[in-house]
Every structure is written in structure tokens, then in C-alpha cells.
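Engineer: sequence unavailable; structure follows:
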């Protein structure tokens, strides 16, 4: 089924660290054969206090400190007052605007004092992350070194900010970690990818490919981060073109799956035309599944017809399984009617397995009856076991009575009972 894991959302860091994205930085050597995808500037922040004078208009207070380049926006507002508004004002819009202006006012010289204030006020998790990202973007190694010794969880965000503003320095740090930080290298590599992806998608792509070659774990998740930013920055069509230039394999599959999820939401037919070019490849199975599943939400018959037209493979089977696993919930009558019209085949088996898996929570006995009609012995056993386990959870007495008269092998009955 679809990949639901939450991945770290860091696009907001790019908004609050907008000024840092214009800082210099030498791009990393590119990987031959991988298309260049240059990221566009981030969208602007919400309207400033000048544009919304009713908000923060009366925020003036004594003790105005040096607020850096953003001081002209709040001539009479102190950092302390901004911090108080950002965290304690009951109006959520005021809090966001005040915190945005607080980050604009951040400089390497006032960062520690601002940090102490935020810590004392009890900044929320997202605010704390954004502050450290901005500090890392402005102060680089200084912020990183402080975060490395802090008892708070500052390091990942500070490093991501550093990598967004000066990827070469952040990469050099990653490649020359002190001995006591070597066990953190993989998590720190993730932060560098996140930061680079906010500013330089090509450099981030190259880094993920390099890390995969070094044997770093979970690089598929890192490529998903880059793919998410590719969609955000350039749109699904250009992101799809970028993914095609990646080397065939799991990393390409991870990127395509993430892009397919967004592509099929906006234009399922175009997404299908893109995905079917690699539908016979195992690495593209999740992308095919995503397209079919998203398309089925609006037009299940069109989605199933498309899936049936694809070359036989894991993508087709996963797609049919997923589509029918959802279709049974939205319109079980139409789903069963379509199943009944399908000839015996591996495609039909995959579709029945998905239907049985989903429908077991509505009517386990009907789901079991469908599972018994699966031709493939192993898939039939898996589907029956799964439906039987749901039956046992929903109505233990009836499920046990069914098991006693089912004629199922004893090992399958034990698998159901020992769910």
C-alpha cells in the first residue's frame, strides 16, 4: 500500500531563512548522467507588519536592541517584545508574524541572547527548529558547535540551516567529523541533505547518490526528501523529468514514488503516461501503485483498466491490490461486479486479495469467500489468514466456529488463532 510515513517537513525552514539562501556557496561536482534541476527562490513570507498595521502596531517597548537588517520593519519593537508576542500572544497570526520578524532580526551577535529568551519562554517545537535552522544559516560552524554541546535538540536543524547557506562547509564538516561524533554521521548526513535540498537540488541529489555508494542506510528516505523539494520548487512535470535521469534502482524508485503521489493528485492521466514507461521495472512498483491508487479515488474503472493494460509485474499487482483495497470501501457493489467480470489470472488474484483485505473489516465472511477464489495457493493462504484474523478480532465465537468447519490445514488455523 501507499507509503505513509511521515517524512520531515522542512519547506518552512526555507521561508524563515529566505535571506540565507542568497548567500554564496560553491556547488558540488555533479554526477554524470543526472539531470540538473535548479531550485527557484522560495515563496515570500506572510505579509509583514507594515502590510498589516493592525498587528503588532502597538508592540513598542523600551530597551530596543540591535535587530540587524530587519530593524526598519519594527522601528520601535524590541527583541524581547517580539519574543513575547511570538510565543504568548493568543492570536495565532500575531504569533507567526512576530516570530517571522524575530528570525529576520536574528544575527550572529544576538543569537545567544535570543536563544536564552526563547528557552525561558518555552518556544514550541517548530519555533525551536526554525530558530536553529536560521542560526545555522547565518552563523554556520559557530551555531553547529554550540548545538553539538547543547542539551536541547538543536543539532539537526542548525546543521540543515548551515548546509542550506554554505553546503561546501557543511559537507566538509560531515567528511571530517571528530571521533566522538562518528556514530552520529548518518543522522547528520540527513540534515545536510535536508539543508542542501532547500537550496541546491542537484547538489543534494549528488550527495544522496554518494552516500548510497558509501553504504549509508536509508538513503531511499533521503532521496524522498530531495524529490519532495523537487516537486515543491519545480512542479511535478519537471520533477518527473529529473527522476528519470537517476540511475535505475531503489533510489530512483523512491523518488518516483514520492513524485507519483503528487502527480496523480493533479493529473492522473499524465502521471499514468509517465509511470507506464517503467511499469515493468521492479523499482517503479510503488510509483505505479501510487498512480493507480490516486486515480481510483476519482475514477476506479479507468485506474483498473490502465493497470490491466500494463506489463505483468510487481507494479501492476501492487496497484490492483491497492485499488481494490480502497474501492471496496467506497463502492463495494461496483468493486465486486468488476471482480466477477475478470478472467482467472494473476491480475484477478491481486485484485481479490486487495478487496478481501479491505472488506474483511466490513464483512469478514464475504471477504473469506472471495479469498477462497484466489488461484495462487500462497496468495490464497495469505489472504485467508488475514481475513480470518480480522474475523476473530470482530467476532471470536463465530470465527472459531467457522475455523472448526473450514477444513483449513492446522498450521493455517494456528496462524489465524495466534494473530
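Structural biologist: Yep, that arrived. As the structure is a prediction and not an experimental result, all values here were calculated from the model.
Engineer: would you map the helices across the stretch 51-200 of the chain?
Structural biologist: According to DSSP state H, counting those that start in this stretch, the stretch 51-200 of the chain carries its helices in the segments 79-88, 92-104, 111-121, 125-139, 141-149, 155-165, 167-175, 185-199.
Engineer: which of the ones you listed is buried the deepest?
Structural biologist: helix 155-165 (a mean of 28; mean count of other CB atoms under 10 Å). Placement of C-beta: from N, CA and C, glycine included.
Engineer: so which elements touch that helix?
Structural biologist: helix 11-16, helix 125-139, helix 141-149, helix 167-175, helix 185-199 (3 or more CB pairs under 8 Å, 6 or more residues apart in numbering; DSSP states H and E).
Engineer: now render those as TSV, adding distance to residue 307.
Structural biologist: Listed next are the helices and strands packed on helix 155-165 as TSV, based on distance: least, CB to CB, whole Å:
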stretch	distance to residue 307
helix 11-16	32
helix 125-139	39
helix 141-149	48
helix 167-175	41
helix 185-199	32
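Engineer: about what we covered before: residue 354: which of the helices of the stretch 51-200 of the chain is closest?
Structural biologist: For these, proximity to residue 354 was assessed by CB to CB; helix 185-199 is nearest, at 33.3 Å.
Engineer: helix or strand next in line after the closest one, which one?
Structural biologist: Using DSSP states H and E, the helix or strand that directly follows helix 185-199 along the chain is helix 201-213.
Engineer: how far does the next helix or strand after that following helix sit from the chain's center?
Structural biologist: For helix 201-213, the following helix or strand on the C-terminal side (DSSP H and E) is helix 219-234. What separates the centre of helix 219-234 from the centre of its chain is 8 Å, taken as CA atoms, centre = their mean, to the nearest Å.
Engineer: that older thread, need the helices and strands packed on helix 155-165 in a markdown table (columns: mean pLDDT and distance to residue 369).
Structural biologist: A markdown table is the format used below for the helices and strands packed on helix 155-165 (pLDDT from 0 to 100; distance: least, CB to CB, whole Å):
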| stretch | mean pLDDT | distance to residue 369 |
| --- | --- | --- |
| helix 11-16 | 40 | 47 |
| helix 125-139 | 96 | 49 |
| helix 141-149 | 94 | 59 |
| helix 167-175 | 94 | 56 |
| helix 185-199 | 95 | 47 |
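Engineer: looking at those, which is closest to residue 91?
Structural biologist: Checking the helices and strands packed on helix 155-165 against residue 91 by CB to CB gives helix 125-139 as the closest, at 15.4 Å.
Engineer: the closest one vs helix 79-88, what angle?
Structural biologist: For helix 125-139 against helix 79-88, the angle by axes from the mean of the first three to the mean of the last three CA atoms, to 10 degrees is 140 degrees.
Engineer: what is helix 125-139 packed up against?
Structural biologist: For helix 125-139, the elements it packs on are helix 11-16, helix 92-104, helix 111-121, helix 141-149, helix 155-165, judged by 3+ CB pairs under 8 Å, 6+ apart.
Engineer: let me have the ones you listed in JSON lines, adding distance to residue 267 as columns.
Structural biologist: JSON lines is the format used below for the helices and strands packed on helix 125-139 (distance: least, CB to CB, whole Å):
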{"stretch": "helix 11-16", "distance to residue 267": "22"}
{"stretch": "helix 92-104", "distance to residue 267": "32"}
{"stretch": "helix 111-121", "distance to residue 267": "43"}
{"stretch": "helix 141-149", "distance to residue 267": "42"}
{"stretch": "helix 155-165", "distance to residue 267": "31"}
